[in-house]
Structure formats: C-alpha cells, structure tokens
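**Q** I need the structure of the sequence given here:
(2 chains)
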Amino acid sequence: MNRFALAFSTAIARVTEAARAPYQSAVIRIGFATTWLLFLLREFPHRSELYGPDGPWSWDLAQQLIGMNHAFTVLMWSDSRLWFETVYALAVVASAMLALGWRTRTASVLFMVGVLSLQNRSVFMGDGGDNVLHLMSIYLVFTRCGQVWSLDARRARRQDAARAQGELVVDRAGPALWAAAGVVLAAATALGRFDGQEWLVPSLLWAAWAAQALWWLVSRSRRAEQPRILLDVIGNLLHNAALLVIMTEACLIYATAGWYKIQGSRWQDGTAVYYPLHLDYFSPWPSLGDLLAASGIMVMLVTYGTVAAQVAFPFTLFNRRVKNVLLVMMMVEHAAIAVILGLPFFSLAMITADAVFLPTSFLRRLGVWAARARGRLFPRPCGKAEVPGPRRPAPAEQPQVGSTAQAGHT
Amino acid sequence: MDAYGGHGTQSGGAKTPGPGPASGPEPEGVAPDGAPPPPPAPPAPPRTGVAALSPRYQVGAAVALALVAITVCVHLGMVFLHVAPSNTITKAHGEAVDDWMYPEFEQNWKLFAPNPLQQNIAVEVRAQVRTAKGEIRTTGWYDLSAEDGRAIDHNPVPSHTQQNELRRAFDYFTNTHDSDGRPVGVRGTLSETYLRRIVVLRLERDGAAGPGGTVEQVQVRSRTTAVPPPSWSSEQISLKPVYRTMPWWSVPAEDGAGADRTQAVGSARDDVAGSARSEAAGSARTEAAGGAR
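**A** Predicted coordinates:
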C-alpha cells in the first residue's frame, strides 16, 4: 500500500514539475508545421481551386455543409477574395512562426486556426495526411513545444543573460500580439461569427488568450509566486497530457491500420501491396512499381511485414530497443510511400508522428549535428561567440537523457 | 508573454525535495510554537511541481490534475471507440461518441484496409456546347482521370487538385446516390453540384466549348477497370471496363453558385461528409476481393 502511495506521488511529481520530453515535442512542432508550410507553398498556385470562394467546392456549397456539421473555419466569415487570400497568407505565416518557435504558443493557436479553417472549408480535398495534421494542430496548442530548438528559447537565454547583467528587458511583440488577437476575437464574437460553429474551438481560442494574460500578470508580480507555480503546474499538466494523447493517437493510427488489414483477403494472401502500385492515382513512377511488383515473394514479404509492424508497434513501446528498431522501419516505409505512391505530405506527417517516440539521446545528437551544419553554412562573425551546441533543457530533464521509454510513460 | 520560455521549467527546474503533496511541507508552514513566521527565505531558484505549492494551492493543482486526467481518459476512450468497429458499446452509445468526435476529431485510419482498392475508376465527361455560331454540338468523351494520371506521372509532389479533387468528389457522389443515380438527401444534391462544377471547370480548361462557345449540358460516366492480377497469380478476372453513365445535367449560367442555396436544411449529424473526409490517403474504399464489377 505504502509502495503504491509512493509510486503515485512520484508520478504526480513527474507530471507536474516539468514539461516532459522537450526534444520530442520540439521535433513534432517543427515537423507538423513544416509539413503544412510546404503543403501550402506547393499548393499556392492551386489555392483558389482548393479553398477559394469560387473553387469547385464553392463558398455556397461549403456554407450548406458547415450549416450541418458546424465545423470551425474562419473562411466562412466572408466570401470575399481578399479575405481568402489573407487567411491563406496568415496560415503560411503561422506555420513558419511555429516551425521556428517564435512566440510558440501564439503561433500554435494561429497554426490550428489556419489548418482547421482551410481543411474544414473543403473537406473533400484532403487525405490521410490532412487528417493527421488536423488532429495534431489541435493537440499541439496544449504543449510547451518551444522549450528547445526555438527562437523563444534563444530569446529566453539572451534575456536571462541580460537580466544577469542588470539590464532591463522589455517585451513589446508579445503584448502587441496578444492585444491584436484580443481585438480580433472580440470582434468575431460580437459580430456573431462563432455562432453557427461548435463551441470547442472558439472557447479554446478565448481560453488560450486569457491564459496568456494570466501568465503574464503572474510572472510580473513578485508577490504572486504561488499562483505562478500553480499556473506552471497546470501548464506542465496540459503539456504532458497532450503529449500522451499525441502518442496514443499515433498508436491508434497504427493499430487501426494494422488490425483492419488482418481482416482483408489481399493482406492474407500476400498480394495487397501489389495493388496500390497499379492504381493510376497512386503510381507516379509506374516503372518503379513494376520493378517492386516483379517478385511475388518480395511483395508478400512487404505485405506481411507491413501488417506485422503496424499491429506490433504499440506493444513495442514497452521495450526500448525493439521500439527503436520498429521506429526506423516505420520511417523508412513512410519515406518509401512518399515516393512510390506519390504521397509526400501524408508521409511527412506520419514520419513526424513517429518522431515523437525517438530517443532523447538521438535527438540531442541531431541537434548538435544541425547546429554544426548551420555553423559551417553560415559562419558567425567572430566576436559574438555564442556556443551553438546542444540547447539544454531544464536541469530537471537531465536524468531523463537517453531514455525515451520514459517519454511513453509520462 | 508566451507561456513558454525561460520561466519555471527553463531556469529553475529545482529538484523538489519530496516527491508528492504528502511529503514535507514547504517553509510557508506555520511555526509550531506560534512564533512569528520566519523571515522570507533567500531568493532560491524558482521551484516547480505541486510540492512547491502551499496546501491551499495544492487543492487547485489537485482539481486541475483530476480534470486533465478525466478529460484525457474520456478523450482517448472516445477516439478508440470512434476508430474501432461497431461494437456493444458503440451500438448503445454511438451518439455520445459521435457528439464528442465530430466535427473536429473525426478520423479514419483504414489505410488500404481491409483490402486495397483493386480497380481504377476513371471519370469521363462529355458536353453539349453551343458554339459561337449558335449551333448545338456534342463533344467526345474527355477522360479527366487520365488527365490527372498524366499530371501525377513523374511528379514527386502531386497536387491535391490532381490526386484528390476529382477522385474524392466522385467517391462522395457515389456514396450519396443510389444505384439508379438518384441523389440521397441534401448531401446527394451537394455532391452532384460539386461534381458538376469540377467537370465544367475541367472542360473549360480543355477548351471543350471552343472559342466563343458555352457548355450547356454535361454528362458524366465512370469507367471501372480491374487491376490485372499479378503475373505470378493464377487468378482469372474480367478486365473488361464497366461503365456507369449519369443523366445529362444542365449547367446554370452562373455555374451553380447559389443554385442550391435553399436546400440547406439543418439536418443533425454529419456522417457522410465525415466518412468522406478521412477516407484516408489510399482511398480506403474497398470492394470484396477480386470483386471487379
């Protein structure tokens, strides 16, 4: 009984004292934001056809469907061309902000607004990749995904250094962003733009806005230490909970994909992989498909391997080494899907979802390599010798280095 | 401003002395002998975690913990039931699951499952055009899916307009029409307008009406061809294409915009748009194996 109580209190301490897995949350932030950013840039020439007021899925058609499903999209606020272009541009900017980790929490909210607005506007344009991004954009709002590998982290370091030297640090961009967001939210609410929509997203927007103000107030006041710690605890809780949801979601994706396949006769007779390679819509390199489909035994091995890996994946999380092997397999398979089936954005989103399970030690090494590569590409003018090395998380994270299995248990 | 950055977890990260709320009270505790409280401790690095909270605030943290834990459990349970096959629980409480999941958490991960699609479904269209001279002329069939296929060939990053637009629109259309091609409900009308607008757009791009001409009516048909079985297989299936031809649809002058505005009856839940949205990357629609029609 006592042991149980101790384990319970240890668990509570773990989920409240720190936002766990800073590198994993950073890597999925960068991954999902970059995927959506690249998608938006790639579709820039087709943006009107996909989401514009005069596209085949016209504003009127969308209006009727949204009148029934109440999904969130700011694109229904106006059928003007200018509004559409503005929203598209803002979606691009928000993705870039999030990928770079500039004002990360605000960026994550804007990113979600961009993803939901465009995708809900034209639901019939999307595929599995869009579906992943749709869900993850909502979950990311709850994470503290800017702790490392972000402009926010760099600014925090510089501000701490400046404060240590007794300089006064004033933040202007933050309050300005917050005020602007408040004006837009208030206007949208007053004009009844949220009326026909489900309450979830609008209330999430207001809650995020209010939380920012609360956090700012509490961080400024010297006397509010207890409220500040409480807010920090809640922030950590939300982060860790969201990360758990993201990981479980990834497991459910694989489990669903795997278990349903087991029931299919083509997955049983070992020919399933042959067929998508011969669908006109998913064969950008027909000769490559023919080459892969030339050997019946190859096709069968890949078919069985795919099912086995997908079904097994969630269970491998209990063993670090097996999990890492499978993770590599999944990433390789998705990279192959990107090329062979012509689904680069779906694959990028799935690889990013996989990346949440990568070991911290590997991610830190990746960070060092990236910093070194950057240093080689853009040598810094001497004199400003900022060590570009691994950006360290909170000391509380140190014991966790090298163990990711933990990440799965937070 | 951002709730990120250098506070809390970044700068301090204090290893809290005791693991949980039950362990050692923090210095705020009242001195046992009623003596005046001790002078404030010297500025320590910011502390974190529930252990750093006074009992009053610990209550707040406990409430937050309970709320978050319950929400996560319920959400994960709902997601599970949403992606699981129809079962005892969803048969009884399917509406509660749908209420939670739609519209924003809807998902479908039957990727190429239970069976991958084993037919190429091509959408073709022809038009009745009024030429610049006022004659009525019927064009030949345009294979729009073949156009998509050519755009996808040797393209490392196919656009959604090439890979998803027509394919999924036709899928949506067949899902919302009965076998005689009659629309089922409001969604049937929506999908018909959508498909018509796509084919008109594509006919315009192909210059089907000729200079000065206008498209007055369009007719869509699908050509379904089974993927030939692999060379090592002894399976015998018919490779003869099967056609399904829709009636002629007239094209409104403004191309349907607003034509169906009056039909928006606020029906309840969105199941068709739902399943249609997430029918994932590989067009999860499956027919029984080898069931080339």
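
**Q** For the rest of this, base every contact and every neighbour count on C-alpha atoms.
**A** Fine.

**Q** Tell me how far residue A:314 lies from chain B.
**A** Distance from residue A:314 to chain B, counting by Cα to the nearest Cα, to the nearest Å: 14 Å.

**Q** in which helix or strand would I find the closest residue to that residue other than its chain neighbours?
**A** Leaving aside its sequence neighbours, residue A:314 sits nearest to residue A:251 (Cα to Cα, 6 or more residues apart in numbering or on different chains; 5.2 Å). Element membership for residue A:251, per DSSP states H and E: helix A:225-262.

**Q** pLDDT of that helix, averaged?
**A** Averaged over helix A:225-262, pLDDT sits at 96.

**Q** could you point out which element follows that helix?
**A** helix A:265-268.

**Q** who's in contact with that following helix?
**A** A:261, A:262, A:272, A:273, A:303, A:304, A:307, B:114, B:115, B:116, B:289 (Cα atoms under 8 Å, 6 or more residues apart in numbering or on different chains).

**Q** Stretch A:242-252 now?
**A** A:25, A:136, A:139-140, A:142-143, A:313-314, A:353-354, A:356-357, A:408-410, B:72, B:76, B:80.

**Q** if we go to 7 Å?
**A** Outside stretch A:242-252, the residues that touch it by Cα atoms under 7 Å, 6 or more residues apart in numbering or on different chains are A:139, A:142, A:143, A:314, A:353, A:356, A:410, B:76.

**Q** among those residues, which two are most distant?
**A** Taking Cα to Cα as the measure, those span a maximum distance of 23.2 Å, between A:142 and A:314.

**Q** who's more crowded, those two?
**A** The neighbour count for residue A:142 versus residue A:314, taken as other Cα atoms under 10 Å in any protein chain shown, is higher for residue A:142 (22 against 18).

**Q** and the more buried one, that one's in a helix?
**A** No: checked against DSSP: H, G, I helix; E, B strand; the rest coil, residue A:142 lies outside a helix; its state is coil.

**Q** where do the strands sit along the stretch 101-250 of chain B?
**A** With strands called from DSSP state E, counting those that start in this stretch, the stretch 101-250 of chain B shows them at B:119-130, B:136-138, B:142-143, B:214-226, B:242-245, B:249-250.

**Q** ok, the residue in chain B that chain A sits nearest to - how many residues close by?
**A** Going by Cα to the nearest Cα, chain A is nearest to residue B:49 of chain B, at 3.6 Å. Residues lying near residue B:49 (other Cα under 10 Å) number 31.

**Q** show me what contacts the residue nearest to it when sequence neighbours are not counted?
**A** Excluding its sequence neighbours, the residue lying closest to residue B:49 (Cα to Cα, 6+ apart) is residue A:17, at 3.6 Å. For residue A:17, the contact set (Cα under 7 Å, 6+ apart) comprises A:233, A:236, B:48, B:49, B:50.

**Q** Quick check: the farthest pair among those?
**A** A:236 and B:50 (10.7 Å).

**Q** Other residues contacting the helix or strand bottoming out on mean pLDDT in chain A?
**A** Least confident helix or strand, chain A: helix A:286-292 with a mean of 88, by mean pLDDT, DSSP states H and E. Applying Cα under 7 Å, 6+ apart, the external contacts of helix A:286-292 come out as A:277, A:340.

**Q** rewinding a little: give me the buried subset of the contacts of helix A:265-268.
**A** Buried residues within the contacts of helix A:265-268, defined by neighbour count using 16 or more other Cα atoms under 10 Å in any protein chain shown: A:261, A:262, A:272, A:273, A:303, A:304, A:307, B:114, B:115, B:116.

**Q** Let me see the mean pLDDT of stretch B:80-90.
**A** 96.

**Q** Quick check: residues of the stretch 101-250 of chain B near chain A?
**A** B:103-105, B:107, B:109-111, B:113-118, B:120, B:149, B:152-161, B:163-165, B:168-169, B:190, B:194, B:197-198, B:227, B:232 (Cα under 7 Å from any Cα of the partner chain).

**Q** ok, now with 6 Å
**A** B:103, B:109-111, B:113-115, B:118, B:120, B:149, B:152-154, B:163-165, B:194, B:197-198 (Cα under 6 Å from any Cα of the partner chain).

**Q** returning to what we had before: okay, residue A:236 and residue B:50: which has more neighbours?
**A** More neighbours surround residue B:50 than the other of residue A:236 and residue B:50, with 32 against 26 (other Cα under 10 Å).

**Q** where's the more buried one relative to residue A:212, distance?
**A** Residue B:50 sits 21 Å away from residue A:212, going by Cα to Cα, to the nearest Å.

**Q** so which helix or strand takes in residue A:298?
**A** helix A:296-316.

**Q** How far away from the center of its chain is that helix?
**A** 26 Å (Cα atoms, centre = their mean, to the nearest Å).

**Q** what do you get for stretch A:358-366?
**A** Per Cα atoms, centre = their mean, the centroid offset for stretch A:358-366 relative to its chain is 18 Å.

**Q** May I see the buried residues of it?
**A** For stretch A:358-366, using 16+ other Cα under 10 Å, the buried residues are A:358, A:359, A:360, A:363, A:364.

**Q** Just put the strands of the stretch 101-250 of chain B in CSV and tack on distance to residue A:296.
**A** Below are those laid out as CSV (distance: least, Cα to Cα, whole Å):
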stretch, distance to residue A:296
strand B:119-130, 20
strand B:136-138, 46
strand B:142-143, 32
strand B:214-226, 19
strand B:242-245, 28
strand B:249-250, 46
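
**Q** Tell me which of those lies nearest to residue A:161.
**A** It's strand B:119-130; of these, that one is closest to residue A:161 (Cα to Cα) at 62.6 Å.

**Q** So which other helices or strands are in contact with the closest one?
**A** Judged by 3 or more Cα pairs under 6 Å, 6 or more residues apart in numbering or on different chains; DSSP states H and E, strand B:119-130 is in contact with strand B:136-138, strand B:142-143, helix B:144-152, strand B:214-226.

**Q** got the buried residues for that strand?
**A** Quick answer for strand B:119-130 (16+ other Cα under 10 Å): B:119, B:120, B:121, B:122, B:123, B:124, B:125, B:126, B:127, B:128, B:129, B:130.
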